[in-house]
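A.B. asks: Structural data only, the sequence is not supplied:
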């Protein structure tokens, strides 16, 4: 476009016009050189940073060229029209017109800089934002990216604690989220819960039945599904336990120590109580006694219990009434590890030579640690004091042998110093 304008100007007649075009072209050259050297500074408009890079400079240069070309093209057309009307005096009138309009047609350097700055500010005006009521196409709607307040996916609940009121309140209660997130589907379940409508009513229910506030974190950490149980079902199970003559304090203690207790239906609780009463030939009072002392008997599987009962009767050789006495004294033996139970009985019965009736009389020895019992028996045997028959002198009770601390065991049973016992342990 610039070359076309130059050719148009060269076709004009008259020395005055040629002189004008020549001076105009010289000014154009100076403006072009100044534009090439000028750098557009960085500006921030409506939060958008616009840097003076090559693209911005090229755009601004094209806009200035277009304005100047149109400006000088209009000047050339005005001159040709004046020359045609004035005839022979065109040359003089044109000289006068050019002199009169030279200031407006050919602005000075200061004026050019002022015009340039004004155009830059106009070109960099912020783009109008679309209205919220403006309709957009489906493609544009799909392309809109809306940041999510909650991370869409994560391998840990830690990323959601600051975003979820439920998780933040559970952390304040002391719930171990790191344990819960390792269980499948528990994390997503907790995120869907509302603390005010889902969690708070269950906590108030636990408080109403007598559970201490300090046990809330333990219960939820081990059984988060209690937060999804209906209040009607929870109340029905508490009422059933109370109907079986469990006191309110006992029910609260059982729920505190067996978090899954209230997740089981009334029929299942009733079947479990009937199982223990029939298998062990217990009275209702004794059944309540062992269940209250070990409430997880109502929650766990019955297979380990059945297996341990067979082991005690067939492999260990206890009678049914002896098993009943052992279970009433130590209910934990019903869920004990089979290998551990067999190992410690073999040591007591075959190595220490303790008969069945003495083991039945002191069944706590079956729940003691095997290594501790073995070290103490060997130390007494080394001292010549391993006597467990109550009919003989220097009798040592199995109960005291298994339960006393080391210092008391040495001073009262072994009649030795604690240092001697520690030195003997190093020889084993």
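C.D. replies: Cool, the structure landed. If you're wondering where the values come from, they're calculated on a predicted model, not measured in any experiment.
A.B. asks: got the residue ranges for the strands in the protein?
C.D. replies: Using DSSP state E, the strands of the chain run over residues 43-45, 48-50.
A.B. asks: what is the rounded mean pLDDT of the first one?
C.D. replies: Right, the one you point to is strand 43-45. The predicted model assigns strand 43-45 a mean pLDDT of 38.
A.B. asks: what's the answer for stretch 257-270, then?
C.D. replies: 94.
A.B. asks: what's the span of it, first residue to last?
C.D. replies: Stretch 257-270 has its terminal residues 19 Å apart, counting by Cα to Cα, to the nearest Å.
A.B. asks: What are the contacting residues of it?
C.D. replies: 218-220, 222-223, 225-226, 229, 233-234, 236-238, 240-241, 254-255, 295-296, 298-299 (Cβ atoms under 8 Å, 6 or more residues apart in numbering). Backbone N, C-alpha and C define where each C-beta goes, glycine included.
A.B. asks: Just the buried ones from the residues you listed?
C.D. replies: Taking 16 or more other Cβ atoms under 10 Å as the criterion, what is buried in the contacts of stretch 257-270 is 218-220, 223, 226, 234, 237-238, 240-241, 254-255, 295-296, 298-299.
A.B. asks: List the residues that contact residue 342.
C.D. replies: Per Cβ under 8 Å, 6+ apart, neighbours of residue 342: 311, 315, 316.
A.B. asks: List buried residues within those.
C.D. replies: 311, 316.
A.B. asks: Can I get the contacts of residue 342 in a markdown table including distance to residue 333 and pLDDT?
C.D. replies: Shown next, in a markdown table, are the contacts of residue 342 (distance: Cβ to Cβ, whole Å; pLDDT from 0 to 100):
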| residue | distance to residue 333 | pLDDT |
| --- | --- | --- |
| 311 | 10 | 94 |
| 315 | 14 | 93 |
| 316 | 11 | 94 |
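A.B. asks: about what we covered before: what is the nearest of the buried ones among the contacts of stretch 257-270 to residue 204?
C.D. replies: The closest of those to residue 204 turns out to be residue 234 (Cβ to Cβ; 11.2 Å).
A.B. asks: Spatially nearest residue to the closest one (excluding sequence neighbours)?
C.D. replies: Closest residue in space to residue 234, ignoring its immediate chain neighbours: residue 262 at 5.3 Å, by Cβ to Cβ, 6 or more residues apart in numbering.
A.B. asks: What count of nearby residues applies to the one you found?
C.D. replies: 26 (other Cβ atoms under 10 Å).
A.B. asks: Can you tell me how far it is from residue 272?
C.D. replies: 14 Å (Cβ to Cβ, to the nearest Å).
A.B. asks: And for residue 276, the neighbour number?
C.D. replies: Neighbours of residue 276 (other Cβ under 10 Å): 20.
A.B. asks: Spatially, which residue comes closest to it, not counting chain neighbours?
C.D. replies: Nearest non-adjacent residue to residue 276 (Cβ to Cβ, 6+ apart): residue 287, at 5.6 Å.
A.B. asks: Check residue 174 too.
C.D. replies: Nearest non-adjacent residue to residue 174 (Cβ to Cβ, 6+ apart): residue 217, at 3.4 Å.
A.B. asks: wait, that neighbour sits on residue 172?
C.D. replies: No. Applying Cβ atoms under 8 Å, one finds residue 217 not in contact with residue 172, separated by 9.6 Å.
A.B. asks: Residue 336 - how many residues pack around it?
C.D. replies: 17.
A.B. asks: Show the contacting residues for the residue nearest to it when sequence neighbours are not counted.
C.D. replies: The shortest distance from residue 336 to any non-neighbouring residue, by Cβ to Cβ, 6+ apart, is to residue 308 (6.4 Å). Contacts for residue 308 (Cβ under 8 Å, 6+ apart) come out as 333, 334, 335, 336, 338, 341.
A.B. asks: Out of the residues you listed, who's the most crowded?
C.D. replies: residue 334 (24 neighbours).
A.B. asks: quick one: contacts for residue 378?
C.D. replies: So residue 378 contacts 424, 428 (Cβ under 8 Å, 6+ apart).
A.B. asks: quick thing: my sequence starts at 327, can you match it?
C.D. replies: Done: numbering now begins at 327, and the last item shifts to residue 704.
A.B. asks: separation between it and residue 673?
C.D. replies: With Cβ to Cβ as the criterion, residue 704 and residue 673 are 11 Å apart.
A.B. asks: Please apply the same query to residue 588.
C.D. replies: 40 Å.
A.B. asks: My understanding was that residue 670 contacts residue 692; is that so?
C.D. replies: Yes. At 6.0 Å, residue 670 and residue 692 qualify as touching, with contact defined as Cβ under 8 Å.
A.B. asks: more neighbours, these two?
C.D. replies: Higher neighbour count among residue 670 and residue 692: residue 692, with 23 against 20, using other Cβ under 10 Å.
A.B. asks: The more buried one and residue 649 touch, don't they?
C.D. replies: No. With contact taken as Cβ under 8 Å, residue 692 and residue 649 are classed as non-touching, separated by 11.4 Å.
A.B. asks: For this protein, which residues score under the pLDDT cut-off?
C.D. replies: Scanning the chain for pLDDT under 70 picks out 327-456, 458, 472-481.
A.B. asks: and it, what are its domains?
C.D. replies: 328-368+375-443, 480-554, 631-687, 694-754 (automatic domain parsing).
A.B. asks: Ends of the last one, what's the gap?
C.D. replies: Using Cα to Cα, the gap from the first to the last residue of domain 694-754 comes to 19 Å.
A.B. asks: With the third one instead?
C.D. replies: Distance between the boundary residues of domain 631-687 (Cα to Cα) amounts to 22 Å.
A.B. asks: now stretch 732-739
C.D. replies: End-to-end for stretch 732-739, by Cα to Cα: 10 Å.
A.B. asks: With stretch 601-620 instead?
C.D. replies: End residues of stretch 601-620 are separated by 15 Å (Cα to Cα).
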